[in-house]
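Peer 1: Build me a model from this:
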Amino acid sequence: MRSRTWFDCKLQRIILTTGLLIRFAEIFIGIPGTCAIPINNHTLGADSFERAKTLANRQDENSPPLPPGSTGSGPGADLDFYGSECKMGLYQGGFRNPNGRIDAFPEARWEGFPLGTTRPGEQPIVVPDHRCVNMRDLHPSLPNQISSFILTGYCECRFYHNEGCPPDDRGFSAYNRQDGALYNNGPDDDALESFSCWRTNHFLDFSYCTIRLSDNPSKDSGQKINVLFWRGDLEGTPDRMEGESDCKRLPDGYNLRYYKINGCSCRFYHSEDCGGGAVLTDGNPGRVERVDGMPGGIRSYRCLLPFGIPWGARDDFLG
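Peer 2: Coordinates of the predicted model:
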């Protein structure tokens, strides 16, 4: 009868031989070890993520393109969250992580265009409505870690607690909204894993907006112009798109020095027919008021359905 020592020796030889066979398979056949198997080619380490800020390189080649955006910070990296173009910011800490590191745990972030962008000088990228985007495809540290966000422009987005945007999942929808403290506003802090967005300007939800202009910075004097736009004034025509008013021309010699805009966004022009590029755009779903400081020589303006974050409460006049 063989001893227990003999069996132990045989077992050790079998284990050693199996390990060598696996190692040869890894080297000559190209089978990766378990810890090296990529997950959809996502970058998981913070160090490698620092060197891979081109988001198109951080997804599976067969997956749809990711929304264009950036995980970096510094000059030129922060988006201007204003305008009709759909823009989103996601932050692991507070808005733009003022007290934390960028691009590395624990203060990850992403700012970009969930529906694509057609900005001058860049190749147009169009993301279809309702395309689901998983947070981990934008930054590996974002899933279940987002504590603040911002969304502006003519789009609405639905945020989900699970990947894949399950239709019956928990979460919330947002439109021109910023929340810098989700932990104070319900059960969504450190819970979001995916989102989907779609184009909308909420035309049917718009009722009216009011504009007050003056050539004197004093509210109590000067030549005032009061304008009231109803939803019907912003309906589409052969001459303009739905959601914008006719062009309004200022009186000859009028020097705009004050305005108050309630409930819409307005573009101001040097031309008399709203031609060329706007020299000033202002207004949001709330109230904005400005005294002096605007460009000189403004001759016309046109107002649109509102975009931007409504920081001030409306105080409309009617009539």
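Peer 1: CA atoms for contacts and neighbours, from now on please.
Peer 2: Fine.
Peer 1: Give the bridge partners for residue 197, please.
Peer 2: residue 157 (DSSP bridges).
Peer 1: Domain boundaries for this protein, per the record?
Peer 2: What automatic domain parsing lists as the domains of the chain is 46-200, 204-304.
Peer 1: Throw those domains into a markdown table and include mean pLDDT, thanks.
Peer 2: Formatted as a markdown table, the domains of the chain follow (pLDDT from 0 to 100):
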| stretch | mean pLDDT |
| --- | --- |
| domain 46-200 | 82 |
| domain 204-304 | 93 |
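Peer 1: any chance you could map the strands in the stretch 101-250 of the chain?
Peer 2: Under the criterion DSSP state E, counting those that start in this stretch, strands of the stretch 101-250 of the chain are mapped to 109-112, 116-117, 125-126, 132-134, 148-152, 155-160, 171-174, 177-179, 194-199, 208-214, 224-230, 248-249.
Peer 1: Now mean neighbour count and distance to residue 84 too, for those, in a markdown table please.
Peer 2: Output for the strands of the stretch 101-250 of the chain, formatted as a markdown table (neighbours: other Cα atoms under 10 Å; distance: least, Cα to Cα, whole Å):
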| stretch | mean neighbour count | distance to residue 84 |
| --- | --- | --- |
| strand 109-112 | 26 | 14 |
| strand 116-117 | 20 | 11 |
| strand 125-126 | 16 | 15 |
| strand 132-134 | 21 | 21 |
| strand 148-152 | 24 | 8 |
| strand 155-160 | 23 | 9 |
| strand 171-174 | 16 | 15 |
| strand 177-179 | 18 | 13 |
| strand 194-199 | 21 | 10 |
| strand 208-214 | 22 | 17 |
| strand 224-230 | 15 | 19 |
| strand 248-249 | 16 | 20 |
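Peer 1: closest to residue 299 out of these?
Peer 2: Checking those against residue 299 by Cα to Cα gives strand 248-249 as the closest, at 6.1 Å.
Peer 1: Contacts for the helix or strand following that closest one next, please.
Peer 2: Per DSSP states H and E, the first helix or strand lying C-terminal to strand 248-249 is strand 258-262. Contacting residues not belonging to strand 258-262 are listed as 209-218, 282-292, 314-316 [Cα atoms under 8 Å, 6 or more residues apart in numbering].
Peer 1: Produce a ChimeraX select command limited to the buried residues of those residues.
Peer 2: To isolate the buried members of these in ChimeraX, using 16 or more other Cα atoms under 10 Å:
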select :209,210,211,212,213,214,215,216,217,282,283,284,285,286,287,288,291,314,316
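Peer 1: Beta-bridge partners for the spatially most central residue of the chain, please?
Peer 2: In the chain, the centroid-proximal residue (Cα atoms, centre = their mean) is residue 88; its distance is 0.9 Å. On the basis of DSSP bridges, residue 88 is bridged to residue 112, residue 151.
Peer 1: Hmm, residue 154 and it touching each other?
Peer 2: No. Judged on Cα atoms under 8 Å, residue 88 makes no contact with residue 154 at a distance of 11.5 Å.
Peer 1: What's the end-to-end length of stretch 200-215?
Peer 2: Stretch 200-215 stretches 35 Å from its first residue to its last (Cα to Cα, to the nearest Å).
Peer 1: Look up how far residue 260 lies from residue 317.
Peer 2: 11 Å.
Peer 1: Between these two, point out the one with more neighbours.
Peer 2: Between residue 317 and residue 260, counted using other Cα atoms under 10 Å, the more crowded position is residue 260 (20 against 13).
Peer 1: what pairs with the more buried one across the strands?
Peer 2: Beta-bridge partners of residue 260, as defined by DSSP bridges: residue 212, residue 289.
Peer 1: thought residue 89 was touching residue 149?
Peer 2: Yes. Under the criterion of Cα under 8 Å, residue 89 makes contact with residue 149 at 5.3 Å.
Peer 1: picking up where we left off before, closest to residue 187 out of the strands of the stretch 101-250 of the chain?
Peer 2: strand 171-174 (8.4 Å).
Peer 1: Now do the closest one: everything it contacts.
Peer 2: 151, 156, 157, 158, 159, 160, 161, 188, 192.
Peer 1: same thing but at 7 Å, please
Peer 2: 156, 157, 158, 159, 160, 161, 188 (Cα atoms under 7 Å, 6 or more residues apart in numbering).
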